[in-house]
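Participant: Generate coordinates for the sequence data below:
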Amino acid sequence: MGPMAGQAHHFLRYSPQKIEYAMHRFRTEVARLYKVLDGQLGRHEYIAGDYSIADIAAWPWVVRYDWQGQDLNDFPNVKRWFEAVGARPAVQRGSAVGQDLTSFAQPMSDADKKQLFNLRDKDFKQPG
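Facilitator: Residues are numbered from 1 along each chain as shown. I've put the predicted structure just below:
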C-alpha cells in the first residue's frame, strides 16, 4: 500500500504541478490495491487471518483514503476492517500521538514543500 498510496498523496495533494497523468495513474493504482485488499478481507477478518503486523502496517495508509481519491463505500470489506482496526484501544492511543504537534488538514506552504520534497523555485512553475 505504502509506495503507491504515498505517490497518490504526493501527486493529488502536494505536487506544485498538477500532472493529470500522474494523478490518474496513482489514484487508479491505489484503487486496484484496495480492490485486492477488499477481496482478501472478504475471506478473512484481518489481512493475514488473525490481527497481525500486516494490519498494523496497512491501516495507517488507509486512514488517508480520501487523500488517495478513494471512497471506502466502494470497498465494503476494507471499510469493515478499517473501522474494526480503528476501534482497537491501542490503535486509538497510537493515532492520538502527535496530534497536538501538527495538522495535516492545513495546506502545506511552498516553503514547506521545498524543504520536504527538495524542490527549487522552477519546480513551482506549471508546464506549458
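Participant: Secondary structure element holding residue 25?
Facilitator: Using DSSP states H and E, the element containing residue 25 is helix 20-43.
Participant: Could you list the residues in contact with that helix?
Facilitator: 1, 4-5, 7-8, 10-12, 15, 47, 58, 65, 68-70, 74-78, 80-81 (Cβ atoms under 8 Å, 6 or more residues apart in numbering). In short, each C-beta sits where N, CA and C put it, glycine included.
Participant: downstream neighbour of that helix in the secondary structure list?
Facilitator: Assigned by DSSP H and E, the successor of helix 20-43 is helix 53-63.
Participant: can you give me how far that following helix is from the chain middle?
Facilitator: 10 Å (Cα atoms, centre = their mean, to the nearest Å).
Participant: Give me the angle between that helix and helix 20-43.
Facilitator: 140 degrees (axes from the mean of the first three to the mean of the last three Cα atoms, to 10 degrees).
Participant: Give the buried residues for helix 53-63.
Facilitator: 55, 58-59, 61-62 (16 or more other Cβ atoms under 10 Å).
Participant: Show me what it is packed up against.
Facilitator: Here helix 53-63 touches helix 2-9, helix 76-86, going by 3 or more Cβ pairs under 8 Å, 6 or more residues apart in numbering; DSSP states H and E.
Participant: quick check: angle from the last one to helix 20-43?
Facilitator: Going back to what we said before, that points to helix 76-86. Computed by the same axes, to 10 degrees, the angle between helix 76-86 and helix 20-43 is 80 degrees.
Participant: Just the residues contacting the helix or strand just after helix 76-86, thanks.
Facilitator: Using DSSP H and E, the helix or strand that follows helix 76-86 towards the C-terminus is helix 89-96. If you take Cβ under 8 Å, 6+ apart as the criterion, helix 89-96 is touched by 59, 63, 85-86.
Participant: Good, we can wrap up now.
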